[in-house]
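# Sequence below, structure please.
(2 chains)
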Amino acid sequence: MLEVRHLTKRYDRVLALDDVSFRVKEHQVMGLLGVNGAGKTTALSIITGCMPPGEGQVLLNGMDMQEQPRACRRLIGFLPEEPPLYNEMTVEEYLHFVCRLREVEKTEIPEHVEEILEKTALKDMRRRILGHLSRGYRQRAGIAQALCGAPPVLVLDEPTVGLDPRQVTEIREMIMELGKEHTVLFSSHILTEVQQICSGILILHQGRLIHEADMSGLEDGAEKQTYTMVVLETEGDVPAAIRSIPGVRKVRGIQRGEGRCRMTVECSGHGDDVRVRIFHLLSSMNAPILQLSAQRNSLEDVFLRVTGEGEAKS
Amino acid sequence: MTAIWSREVKSYFHTPVGYVYMGVFLALSGVLFDVQILQQRSSDLPTLIGQMSYLWMLLCPVLTMRLMAEEKQNHTDQLLLSSPASLPGIVVGKYMAAVTVQLLTVLLSTVLAGIVWMYGRIYPMELLTAYLGLILQGFAFIALDLLMASLAFSQVTAFLMAFGANLLLWMLDMVSGSVSGPLASVISFVSLYVRNEPFLMGQMSFASILFDLAMAALFLVLTVYGMDRKRRRGAHL
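Now for the predicted structure:
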C-alpha cells in the first residue's frame, strides 16, 4: 500500500533523514516512533507530498509521489501536528471545502460530509465556528478533514498531543476504528499509546530507521521473556530446580507463604519455549502450577534499548 | 483551484478585510470625486480614474497580506500542500480571489460615473479604456504584492513589504523625470504608471495591456518559484 524507498533529506548541513525504507501493508496501523528531532515530521511531510525528498521514493499503490503527485495525494489523508483549520469557517463549511479541494464529485459531497461527521462524532458541532471549538473537537475536525475524499491511507502526526486524558482515549478509539478501513501511519512519542493502537512499529533515531517490528514481534524477537509464577511447593526447592533448566537466566522476587511460592522467572527470548520444560519439571516434582503469566515486553524497553544502541553506533 | 478561489473570496467577507478594503477604496474615491468632479464642476472621469489608480499602492497590500501568512498561522499550508492541488493552482486560486474582490470594488465605484452620467456628459469608450487601465494596473499590483506576501512571515510584514515595493515603484516613477539617458528609458519602460497613461487618454494600448498582464504573470511565476523553494527547505508556504 505505502512504500518508502531510501528516503534521504538534508537541511543545509543537517541530515534529517538517512536512507529510510519501509512498507506499510493494507489496513495496518503502523506507529512511527522517535525522540524529538528524530525525523518523524520530516518523514511524514515527504510521505504526504508536502515536501519533496532529497533522494528516494514514496510509492502509493505502486505510484511514485514525485511522478504522479496529484494521484498519490488523493490516496492520502493527512493530519499534521496542529489541526489545519480555518477558524472563521463552520465545521460543515470546512469539510465541504476540503472535499472540493480533494476533488470529490460535487454531487457526492453532502452525503460524504454526513458520513464523516457521523464517524468523527461531530454532527452536533456541524454549525459551530472552528475557532470556537475546544481542543478535543478541533482535533476531531482535523481527523475529519483527513477523511475527506475517502483516502485509503491516513497519516496522523501526534494526534493526541495536548489533549486531556478523556479526549486522548476518545481519539485513540477513533484511530483504532479507522484502522479497520484505512491504512494508518501514526507518529507519536507516547509509547503506551502506540503499543495500544498499532500493529507494527518503526523507530527513527537521528534520521535513520533503527528498528522495525510487528507488535507481536516485540515479544518474539525480544532478548528475554519474563514470567510470573505461583507454585504449590510440596517438596524440594522449586526456585532452585527452575534455575537449573536450560534457558532460564534468573529466578527472582521469591515470596513464600501458605505453602505457595511466588517468583519471577527470566528466560532467554530465543529457542524453545521454556514454559514446556518448567511444566515437565514441576510435574515430576509434584508441584502444581497455580498461576503462570507472561509479562509483555514493554515497548519502552525496546525503544530505550534500540535508541541506546543507535546512540552508541553514531 | 476553484475551491481555493471560492474559499478565499468568502473569507474576505467572513473577516473585516474585504469590507475595510472596499470601504476605504470607495471612501477615498468619493473624496477624489468631490475634489476633482464636484468642486471643479468637471466631468473628466479619466483623470479621476487616473488618481484612483494611486490607491492601489496603499490598498492592494491589504488584499494580499493575509493570503499566505494566514495559512502559516493556521497551519493550513500543510492541508493545501498535501492536497491534489498544485502549487501554481494554489497561487492562482488565491490571486484570482484578490482580483475578484478588486473587480467588485471597481464595479461599485462605477456609481460615481453614474452620477456624472446623470448630470453631465460622459464618453463611454474613454471611460471604458480608463477603467480597463485601472483594472489591469490593479492586476499587476496584486501579483507584485502577493509575491511580497509569499516572502513574509506575518501579515504585518506582508503588508509592509508589499507597500514598500509599491512605494518604490511609485518613487521610481517620480525620479524618472529627473534622470536622463538609458536609465530614464528603463524606468519609463517598467513603470506601471507610465504604462497606464494611454488608457487615461482614451487609447486602447495593446502594448500596455500586454505589459500589465506580463508583469502579473511574471510576479505569479516568481511567487510559485519562491514557494517551491521554501517547500523544498521544509518551510511549507
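
# Would you confirm that residue B:231 contacts residue A:52?
Yes - contact criterion Cβ atoms under 8 Å: residue B:231 and residue A:52 qualify, at 7.3 Å. Where C-beta positions appear, they are placed from N, C-alpha and C, glycine not excepted.

# Can you pick out the residue with more neighbours from these two?
Remark: of residue B:231 and residue A:52, residue B:231 carries more neighbours, 19 against 16, as counted by other Cβ atoms under 10 Å in any protein chain shown.

# contacting residues for residue A:292?
A:227, A:228, A:229, A:230, A:275, A:278 (Cβ atoms under 8 Å, 6 or more residues apart in numbering or on different chains).

# let's go with 6 Å and repeat that
Applying Cβ atoms under 6 Å, 6 or more residues apart in numbering or on different chains, we find residue A:292 in contact with A:227, A:229.

# list the buried ones in the lengthiest helix in chain B?
Longest helix in chain B, counting residues (DSSP state H): helix B:87-119. Buried positions in helix B:87-119, judged by neighbour count with 16 or more other Cβ atoms under 10 Å in any protein chain shown: B:87, B:89-102, B:104-106, B:109, B:112-113, B:116.

# and chain A, which of these contact it?
When Cβ under 6 Å from any Cβ of the partner chain is applied, no member of the buried residues of helix B:87-119 is adjacent to chain A.

# ok, back up a step: pull the distance from the longest helix of chain B to the chain's centre.
Offset of helix B:87-119 from its chain centre (Cα atoms, centre = their mean, to the nearest Å): 10 Å.

# Which is the succeeding secondary structure element to that helix?
helix B:124-151 (DSSP states H and E).

# Give the next helix or strand downstream of that next one.
Following helix B:124-151 toward the C-terminus (DSSP H and E): helix B:155-175.

# Buried residues of that next one, list them for me.
For helix B:155-175, by 16+ other Cβ under 10 Å, it's B:155, B:158, B:159, B:161, B:162, B:163, B:165, B:166, B:169, B:172, B:173.

# Identify, from those residues, the entry nearest to chain A.
residue B:155 (14.0 Å; Cβ to the nearest Cβ).

# thought the closest one was touching residue B:64?
No - contact criterion Cβ atoms under 6 Å: residue B:155 and residue B:64 do not qualify, at 9.9 Å.

# end to end, how far does stretch A:51-64 reach?
Terminal residues of stretch A:51-64 lie 14 Å apart, using Cα to Cα, to the nearest Å.

# Next: stretch A:102-122.
20 Å.

# How far off centre is that stretch?
Offset of stretch A:102-122 from its chain centre (Cα atoms, centre = their mean): 27 Å.

# so what's the residue of chain A positioned farthest from its centre up against?
Within chain A, residue A:235 marks the point farthest from the mean C-alpha position, 46.7 Å out by Cα atoms, centre = their mean. Neighbouring residues of residue A:235 by Cβ under 6 Å, 6+ apart: there are none.

# Now it. Its backbone dihedrals?
When read as degrees, to the nearest 10, the backbone of residue A:235 gives phi -140, psi 150.

# Would you check how far apart it and residue A:284 are?
Distance of residue A:235 to residue A:284, computed by Cβ to Cβ, to the nearest Å: 11 Å.

# Can you find the helix or strand of the chain with the lowest average pLDDT?
I went with chain A, as the question did not name one. helix A:215-220 (a mean of 62; mean pLDDT, DSSP states H and E).

# The chain in question should be chain B.
Per mean pLDDT, DSSP H and E, helix B:182-190 ranks last in chain B, at a mean of 76.

# could you give the angle of the next helix or strand after that helix to helix B:155-175?
Next along the chain after helix B:182-190, taking DSSP H and E as the criterion, comes helix B:192-200. Going by axes from the mean of the first three to the mean of the last three Cα atoms, to 10 degrees, helix B:192-200 is angled at 70 degrees with respect to helix B:155-175.

# list the helices and strands helix B:192-200 packs on?
With contacts defined as 3 or more Cβ pairs under 6 Å, 6 or more residues apart in numbering or on different chains; DSSP states H and E, helix B:192-200 has these neighbours: helix B:124-151, helix B:206-232.

# Select, out of those, the one closest to chain A.
helix B:206-232 (5.9 Å).
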